Structures are given as C-alpha cells and as structure tokens.
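Visitor: sequence first, then the predicted structure, then my questions.
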Amino acid sequence: MTDCIFCRIIAGEIPSDKIYEDDEVVAFLDIAPVNPGHVLVIPKAHYPDLLALPEQLAVQLVIVARKIAPAIITGVGAAGFNLTLNNGVVAGQAVGHVHLHLIPRFKDDGRELWSGQPYPAGEAAVVVEKIRKQL
Ligand code: AMP
Ligand code: ZN
C-alpha cells in the first residue's frame, strides 16, 4: 500500500469530493480550502512534482483546470481564480504528488498574494545572466 495520500484517494482508499475524472486526471475539493470551491487537479499516475511530470500530462492538467474552472467559478459565485502549483517543500508543497490548486477568488476576500519589490539597480541584469547561462 502506498503512503501517498493522493494515490490513496485515486485508489478509493480515502474518500474525496470528486468533481471531475478522466483516464489521466482527477479533480477534487481541497480538504482545507483557502476559499469555498478550492479544487486540486492531479494526475492519476504518481509524479512527485512538475519537473518529474511528462510534458503531455502537464498540459493535460492545465487543460482540465481550464475545463472545470468556469463551472467552479459559476458554481460558487466567484469573480476569478488563482491557479497555483507549489513545487518543492520550500515552496510549501506538503503532498509529494504533483497537483494544481484552483482557488476561487471573491472581491475583498483578504487572500492577498505575496508582495514583490523592485530589483536594486543592476541586479536584474545579474540575475537574468545567471539564469540564461543555465538554459
Ligand atoms: P500543497 O501544500 O501544495 O502540497 O497542497 C496540499 C493540499 O492538499 C493542501 O491544500 C491540503 O489541504 C490538501 N489535502 C491534504 N489531504 C487532503 C485530502 N485527504 N483530501 C483533499 N485535500 C487534501
Ligand atoms: Zn501519489
């Protein structure tokens, strides 16, 4: 038996509030929603994170998110949504089975995202060079 909680949901060993399923992808309600209608979109096959996921499945996850988003948004009366993926423990990934979060957003819901700040002078050029030479 796997100790991956999402594999166990797919296997039917743990209950979930499923809203969508096809041959490769499942979407169900997050058990601790940021807002009502917060859905997780996951591949049925176990891959730990986005970089381990085959390209075609990564595309499928986004296709499914796009397909179900209007129903979620209309269903819960949201005004928009965030589509996020926490990749790696340091980024807040608690479940090691890759998943998209589709989070409905409501006006003045208080769920502000991170605040950014401009690069100090010259720093953007340094950073872009560091990244470009890795590509
Ligand atoms: P992350 O921090 O990106 O790995 O997100 C994991 C998400 O899985 C969290 O938002 C949890 O609330 C959610 N979660 C954990 N266990 C379950 C479960 N049994 N059913 C539904 N969602 C779950
Ligand atoms: Zn898994």
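Guide: Nice, I can see it. Ligands and ions are numbered 1, 2, ... in the order given.

Visitor: quick check, residue 71 in a strand?
Guide: No: secondary structure of residue 71 (DSSP: H, G, I helix; E, B strand; the rest coil): helix, not part of a strand.

Visitor: count of neighbours near the closest residue in space to it that isn't next to it in sequence?
Guide: Leaving aside its sequence neighbours, residue 71 sits nearest to residue 19 (C-beta to C-beta, 6 or more residues apart in numbering; 7.8 Å). For the C-beta atoms, the positions are set from N, CA and C on the backbone; glycine is no exception. A total of 18 residues lie near residue 19 under the criterion other C-beta atoms under 10 Å.

Visitor: so is the helix or strand containing residue 19 next to ligand 1?
Guide: Residue 19 is part of strand 18-21, with elements assigned from DSSP states H and E. No: residues of strand 18-21 contacting ligand 1 under C-beta under 6 Å from any ligand atom: none, with a closest distance of 10.2 Å.

Visitor: show me what that strand is packed up against.
Guide: strand 25-29, helix 55-76 (3 or more C-beta pairs under 8 Å, 6 or more residues apart in numbering; DSSP states H and E).

Visitor: could you single out the most deeply buried of the ones you listed?
Guide: strand 25-29 (a mean of 20; mean count of other C-beta atoms under 10 Å).

Visitor: residue 100: what's it in contact with?
Guide: 40, 41, 42, 61, 62, 65, 83, 84, 85 (C-beta atoms under 8 Å, 6 or more residues apart in numbering).

Visitor: let me know the closest of those residues to residue 28.
Guide: residue 40 (6.1 Å; C-beta to C-beta).

Visitor: which strand residues bridge that closest one?
Guide: residue 28, residue 101 (DSSP bridges).

Visitor: neighbours around it, how many?
Guide: When neighbours are counted by other C-beta under 10 Å, residue 40 comes out with 22.

Visitor: what does the protein have sitting close to ligand 2?
Guide: 4, 6, 7, 46, 97 (C-beta under 5 Å from the ion).
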